[in-house]
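Enquirer: sequence isn't available, so here's the structure alone:
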Ligand SMILES: Nc1ncnc2c1ncn2[C@@H]1O[C@H](COP(=O)(O)OP(=O)(O)OP(=O)(O)O)[C@@H](O)[C@H]1O
Ligand SMILES: [Mg+2]
């Protein structure tokens, strides 16, 4: 569904440009949930912004459902890392969540076969929007906060509003940039399970950036580890854990523990070893890891 | 000339000054009014004392009590009230037209860098021309009266609103813009849902600057253009000035002009707080 080839990006004026991403190649199948981990500043947010069509990469191609991403694709939703600045302070929480539903949808579908969902009705009516916002807020446990303003909520609550907004518009492709960073441990687990549930119910492809290695393994079908900036793919590991996942029992599985250790090791590895690993990453799942994960190749479908 | 105030160059002034949590705002306001009133009363008492003790001769500067009596008396003078009405009409019309012109122009200049670059030279040429220098010219072309007054006010009031609009648009949080773009909104929708609301407090500040400029300019115009119906408070002051020993009357009219500016600014501020509540609260939180 999503195909990234040789993606390279630098920021800054030509000549003094600073590289942020180097030669990223990644293929994501429809319905997959790919976790992306890597040290701070390695270009995770940059990668998502390229996929979202918000910035034009310096080199490389991104195709979505076969067609190249040249502008923001339809059926896209993003949870920004800067969640509090991404909520509009002059709109109530409910209006913020309903905002994406006010757009007039274009005609180019995000992926072949998704035309009915992305083209959809011209625009949702006011009542339908309000109802969708209410329902989305309920799923993140903020039913009673709809009438308040974002800046009246705690950081964790704001983050949940941003997640509700992304879910409310029923995206085909969902990009989440550290979506659970500011919530407490219990809520974090609830939100992880919410994302897994949504993924189970809808036909949705998700890229999720996280700093939490346990989380990357717990929610992901695959974990992509990036090298320190400029980011390259160091490893692309398939997570073969039984489905549905469950916070306590899944995390106790030997396969989970081993994979988590492997991801942790890859994230911490020194830059000098980058070359060798990017070879492995490009070649697909690391041989050693495949052995650690049970049921290789059967994610949850 | 003071009408083209440098405030247009620092449009943010005042926007962030109004930061105080809501609960204490009211009592703080009451305290400020009280202190202000005490200051005025003290000043008047001192002026009265200086006059009565002949330190300043009442022939030069009328007694505070005389001036106050004249000020009160003007409230029932139909002649004066008509002039006050003319000033108010010119103020309101000029401000509305200036805003209606400057905000869309600011949106165009603020969102199309090409147009902005192309118009920079002409803007930089027009802006420093003091409106007062145009009074005679506009008077010649349009003749005295409401039309001339409104035209001059529009000319002077457009700048602060225009520059504050552009500044406010520039100040829009890039994350907010990116958010709207990521959800599939186009250029116009980004302006409508992110840039304009974000610029609104700046625009409001620009309008308040424009309001005080409008009053000052209207009085200058009336003073220079003289006693023609529609020339407002300035014409009234000019006429009062011609009679011998009419200093008290001139001062009384000046007091009215000052009070008018204060009241109009307060009204605009109240409207701003009501229409853009998030900004007040938002900065209060951020502070
Ligand atoms: N708008 C920008 N202008 C210039 N440089 C930028 C910009 N955004 C990011 N960078 C640079 O690109 C590199 C990658 O940034 P990016 O935000 O993608 O990292 P990240 O992996 O998301 O980091 P974090 O985990 O801290 O969020 C960094 O070196 C950063 O300084
Ligand atoms: Mg980031």
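Expert: Cool, the structure landed. All values derive from a computational prediction rather than experimental measurement. Residues are numbered from 1 along each chain as shown, chains lettered A, B, ... in the order given. Ligands and ions are numbered 1, 2, ... in the order given.
Enquirer: pLDDT value on whatever residue of the stretch 51-200 of chain B ends up closest to ligand 1, please?
Expert: Scanning the stretch 51-200 of chain B for proximity to ligand 1 using CB to the nearest ligand atom identifies residue B:174 as nearest, at 8.2 Å. In this view, the C-beta of every residue, glycine as well, is placed from N, C-alpha and C. Looking at residue B:174, its pLDDT reads 93.
Enquirer: cool, residue A:278 as well?
Expert: Model confidence at residue A:278, given as pLDDT, is 44.
Enquirer: separation between the residue of the stretch 51-200 of chain B closest to ligand 1 and residue A:22?
Expert: Using CB to CB, to the nearest Å, we find residue B:174 at a distance of 25 Å from residue A:22.
Enquirer: those two: who's more crowded?
Expert: More crowded of residue B:174 and residue A:22, by other CB atoms under 10 Å in any protein chain shown: residue A:22, with 22 against 10.
Enquirer: what's near enough to touch that one?
Expert: Contacts for residue A:22 (CB atoms under 8 Å, 6 or more residues apart in numbering or on different chains) come out as A:8, A:230, A:231, A:232.
Enquirer: got phi/psi on the first one?
Expert: Residue A:8 has phi and psi values of phi -130, psi 140 when expressed as degrees, to the nearest 10.
Enquirer: for ligand 2, see how far away it is.
Expert: 18 Å (CB to the ion, to the nearest Å).
Enquirer: for chain B, what's the longest helix?
Expert: When chain B is parsed with DSSP state H, its longest helix is helix B:78-111.
Enquirer: quick one: that one to chain centroid distance?
Expert: Put simply, helix B:78-111 sits 10 Å off its chain's centre (CA atoms, centre = their mean, to the nearest Å).
Enquirer: double-check that residue A:23 belongs to a strand.
Expert: Yes - the assignment for residue A:23 (DSSP: H, G, I helix; E, B strand; the rest coil) places it in a strand.
Enquirer: so what's it up against?
Expert: Neighbouring residues of residue A:23 by CB under 8 Å, 6+ apart: A:6, A:7, A:8, A:60, A:232.
Enquirer: secondary structure element for residue B:206?
Expert: Counting by DSSP states H and E, the element that carries residue B:206 is helix B:196-225.
Enquirer: any idea of the mean pLDDT in that helix?
Expert: 91.
Enquirer: which residues are contacting the helix or strand that comes right after it?
Expert: As assigned by DSSP H and E, the chain's next helix or strand after helix B:196-225 is helix B:232-242. The contact list for helix B:232-242 (CB under 8 Å, 6+ apart) reads B:79-80, B:83-84, B:86-87, B:90, B:149, B:218-228, B:246, B:249-250, B:253-254, B:256-257, B:260.
Enquirer: same deal with stretch B:248-263?
Expert: B:62, B:66-67, B:70-71, B:73-74, B:80, B:84, B:87-88, B:211-212, B:215, B:219, B:233, B:236-237, B:240-241, B:243.
Enquirer: flag every buried residue along it.
Expert: B:248, B:249, B:250, B:251, B:252, B:253, B:254, B:256, B:257, B:260, B:261 (16 or more other CB atoms under 10 Å in any protein chain shown).
Enquirer: using a markdown table, lay out those together with distance to ligand 2 and pLDDT.
Expert: What follows is the buried residues of stretch B:248-263, written out as a markdown table (distance: CB to the ion, whole Å; pLDDT from 0 to 100):
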| residue | distance to ligand 2 | pLDDT |
| --- | --- | --- |
| B:248 | 70 | 86 |
| B:249 | 69 | 88 |
| B:250 | 66 | 88 |
| B:251 | 64 | 89 |
| B:252 | 65 | 89 |
| B:253 | 63 | 89 |
| B:254 | 60 | 90 |
| B:256 | 59 | 91 |
| B:257 | 56 | 91 |
| B:260 | 54 | 92 |
| B:261 | 50 | 91 |
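Enquirer: could you check the angle the helix or strand that residue B:167 is a member of makes with helix B:78-111?
Expert: Assessed by DSSP H and E, residue B:167 sits inside helix B:146-170. Helix B:146-170 runs at 30 degrees relative to helix B:78-111, counting by axes from the mean of the first three to the mean of the last three CA atoms, to 10 degrees.
Enquirer: chain center to helix B:146-170: distance?
Expert: How far helix B:146-170 lies from its chain's middle: 11 Å, per CA atoms, centre = their mean.
Enquirer: got it, and stretch B:119-127?
Expert: Counting by CA atoms, centre = their mean, stretch B:119-127 comes out at 22 Å from the chain centroid.
Enquirer: cool, stretch A:55-69 as well?
Expert: On CA atoms, centre = their mean, the centre of stretch A:55-69 falls 17 Å from that of its chain.
Enquirer: over to the residue of the stretch 151-300 of chain A found nearest ligand 1. Which of the three states is it?
Expert: Proximity of the stretch 151-300 of chain A to ligand 1 (CB to the nearest ligand atom) peaks at residue A:229, 4.9 Å away. With three-state DSSP as the basis, residue A:229 sits in coil.
Enquirer: and ligand 2, is stretch A:84-100 touching that?
Expert: No - using CB under 5 Å from the ion, we find that stretch A:84-100 stays clear of ligand 2, coming within 12.7 Å at best.
Enquirer: now do that stretch, average pLDDT.
Expert: Mean pLDDT, stretch A:84-100: 93.
Enquirer: so is it next to chain B?
Expert: Yes - Stretch A:84-100 lies within reach of chain B by CB under 8 Å from any CB of the partner chain, at A:85, A:86, A:88, A:89, A:90, A:99, A:100.
Enquirer: what sits against the third one?
Expert: Counting by CB under 8 Å, 6+ apart, residue A:88 touches A:96, A:99, A:150, B:176, B:179, B:193, B:194, B:197.
Enquirer: that one: what secondary structure?
Expert: coil.
Enquirer: could you look up the SS state of residue B:259?
Expert: For residue B:259, the assignment made with three-state DSSP gives helix.
Enquirer: and the helix holding residue B:167, what does it pack onto?
Expert: helix B:78-111, helix B:131-142, helix B:196-225 (3 or more CB pairs under 8 Å, 6 or more residues apart in numbering or on different chains; DSSP states H and E).
Enquirer: buried sites along that helix?
Expert: B:146, B:148-169.
Enquirer: again with stretch A:254-265
Expert: Residues A:255, A:256, A:258, A:259, A:260, A:262, A:263, A:264 are the ones in stretch A:254-265 that count as buried (16+ other CB under 10 Å).
Enquirer: cool, and stretch A:71-78?
Expert: Of the residues in stretch A:71-78, those buried (16+ other CB under 10 Å) are A:72, A:73, A:74, A:75, A:76, A:77, A:78.
Enquirer: what subset of these is also close to chain B?
Expert: Residues of these in contact with chain B (CB under 8 Å from any CB): A:72, A:74, A:76, A:77, A:78.
Enquirer: now the residues you listed as JSON lines including pLDDT and secondary structure?
Expert: Formatted as JSON lines, those follow (pLDDT from 0 to 100; DSSP: H, G, I helix; E, B strand; the rest coil):
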{"residue": "A:72", "pLDDT": "91", "secondary structure": "coil"}
{"residue": "A:74", "pLDDT": "87", "secondary structure": "coil"}
{"residue": "A:76", "pLDDT": "92", "secondary structure": "strand"}
{"residue": "A:77", "pLDDT": "94", "secondary structure": "strand"}
{"residue": "A:78", "pLDDT": "95", "secondary structure": "strand"}
